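# sequence plus the predicted model coming up.
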Amino acid sequence: GGALATSRELSLFSQILQALTVGPLAIAPSFQGQGYGSKLVDFIHKHALSVGKRLVYLQGIEGYYSKFNYIPMSSKSKLIFETTTLTYMKLKSTDFRPMTIDDIPSISNIYTQQANRNLLTSFRSTALWQWLLKYASHSSYFFQPQVALSNSILIGYFTSDPVDPNRIREAAIINQN
């Protein structure tokens, strides 16, 4: 068996989160059901803690990781942050408001920068941003997009999860440090 793990630094609201992206995890069919997957997940969890990773993003078979007390957040390959776990973040100079069509050029630029830097997102055209804002802002895919401003300068955006408003479904924020 084996697992592929990659260290990531994610910028979110002017804070750097240390993350570990894991996947795929695989066990040879003749060895499945014998606890090797459990041992791999346990090792990954302990390794993440030992190297200071605050976020582990697991990719693989839907529902598999829940038996290890990981919470499934999405059936798609999206990072979702439990906002209750981000209370350590300092947001004193950050303001939030609903995204408008006028924000699209800045948001598109930030999103593309993050895609190039972190390889966690993909390119979106201006037409797609406009479509998302007009038609998808009430869907789970792009729910109620908000922009983040630091000292009145747009620094990013996030969308929440309609099922659990304590989760951030999608975010792209530039580092202000």
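Looks like it came in fine.
# strands of this protein, start to end?
Assigned by DSSP state E, the chain shows strands spanning 2-12, 15-26, 55-58, 81-82, 94-98, 146-150, 153-160, 167-173.
# partners of the first one in the sheet?
Just to be clear, that refers to strand 2-12. Partner strands and pairing direction for strand 2-12 (DSSP bridges) are strand 15-26 (antiparallel).
# give me the distance from the strand it pairs with to the chain's centre.
Distance of strand 15-26 from the chain centroid (C-alpha atoms, centre = their mean, to the nearest Å) equals 10 Å.
# run the angle between it and strand 167-173 for me.
On the basis of axes from the mean of the first three to the mean of the last three C-alpha atoms, to 10 degrees, strand 15-26 is oriented at 120 degrees to strand 167-173.
# in JSON lines: the strands of the chain, plus mean neighbour count, mean pLDDT and distance to Trp131.
Heads up, the C-betas are built off the backbone N, CA and C, glycines and all. Converted to JSON lines, the strands of the chain look like this (neighbours: other C-beta atoms under 10 Å; pLDDT from 0 to 100; distance: least, C-beta to C-beta, whole Å):
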{"stretch": "strand 2-12", "mean neighbour count": "16", "mean pLDDT": "75", "distance to Trp131": "25"}
{"stretch": "strand 15-26", "mean neighbour count": "18", "mean pLDDT": "76", "distance to Trp131": "28"}
{"stretch": "strand 55-58", "mean neighbour count": "20", "mean pLDDT": "76", "distance to Trp131": "27"}
{"stretch": "strand 81-82", "mean neighbour count": "18", "mean pLDDT": "49", "distance to Trp131": "25"}
{"stretch": "strand 94-98", "mean neighbour count": "13", "mean pLDDT": "84", "distance to Trp131": "17"}
{"stretch": "strand 146-150", "mean neighbour count": "18", "mean pLDDT": "85", "distance to Trp131": "18"}
{"stretch": "strand 153-160", "mean neighbour count": "20", "mean pLDDT": "85", "distance to Trp131": "14"}
{"stretch": "strand 167-173", "mean neighbour count": "22", "mean pLDDT": "77", "distance to Trp131": "15"}
